[in-house]
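Participant: kindly return the folded structure for what I paste below:
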Amino acid sequence: MANLQELLKISTKRLDEINALLVDPKNETVTQLIKVVERYGGPQEINRKAAEAAKLENLMARLAKAKSPYVRDLEWLIAQRDQKAFISMADYVRKVQGAPVELNLKNAVTLEISALQYFTWRTP
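Facilitator: Now for the predicted structure:
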């Protein structure tokens with residue numbers, strides 16, 4: 001396996017060639033890409049806008065604006081969370097009579113409710 005991993009190694013010469021290509025002012029592709037990035041405020045501004053757009057309240061507002069049928073269910077989940085209706089696994093184990101002291105996490109099942117990527121976020 002070590003030999004196969006060695007095949008993944010990028011030589012310094014190749015990295016130098018890649019760097020030369022990226023910083024070459026004659027490289028029209030990179031030049032145009034940089035212009036697009038600058039038009040949107042640069043990497044920091046793009047990342048700031050992405051972080052703002054990813055906030056739950058902004059995602060919920062977009063869903064509401066799109067009249068998504070999921071809004072009510074998500075609002076219910078948020079209300080349950082705020083009312084502390086859900087408990088941690090450790091608290092559950094303490095509450096259940098005869099529950100094992102240690103859980104078998106090897107075969108754990110997770111309920112994924114934070115997978116907002118399954119909703120359509122396109123703006124009309």
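
Participant: okay, domains of this protein per the record?
Facilitator: Domain ranges of the chain: 11-53, 56-118, per automatic domain parsing.

Participant: which of those domains sits closest to residue 4?
Facilitator: Shortest separation from residue 4 across the domains of the chain is recorded for domain 11-53, at 16.7 Å, computed as C-beta to C-beta. Every C-beta, even on glycine, is put in place using the N, C-alpha and C of the backbone.

Participant: the closest residue in space to residue 74 that isn't next to it in sequence is in what secondary structure piece?
Facilitator: Once flanking residues are discounted, residue 74 sits nearest to residue 60: 6.6 Å by C-beta to C-beta, 6 or more residues apart in numbering. Per DSSP states H and E: residue 60 is located in helix 56-65.

Participant: could you pull up the mean pLDDT of that helix?
Facilitator: Mean per-residue pLDDT for helix 56-65: 93.

Participant: and stretch 5-18, by the same measure?
Facilitator: Per-residue pLDDT over stretch 5-18 has a mean of 92.

Participant: quick check: residue 58 touching residue 52?
Facilitator: Yes. The pair residue 58 and residue 52 passes the contact test of C-beta atoms under 8 Å, sitting 6.5 Å apart.

Participant: the more surrounded of the two?
Facilitator: residue 58 (12 against 9; other C-beta atoms under 10 Å).

Participant: in contact with the more buried one, which residues?
Facilitator: Neighbouring residues of residue 58 by C-beta atoms under 8 Å, 6 or more residues apart in numbering: residue 52.
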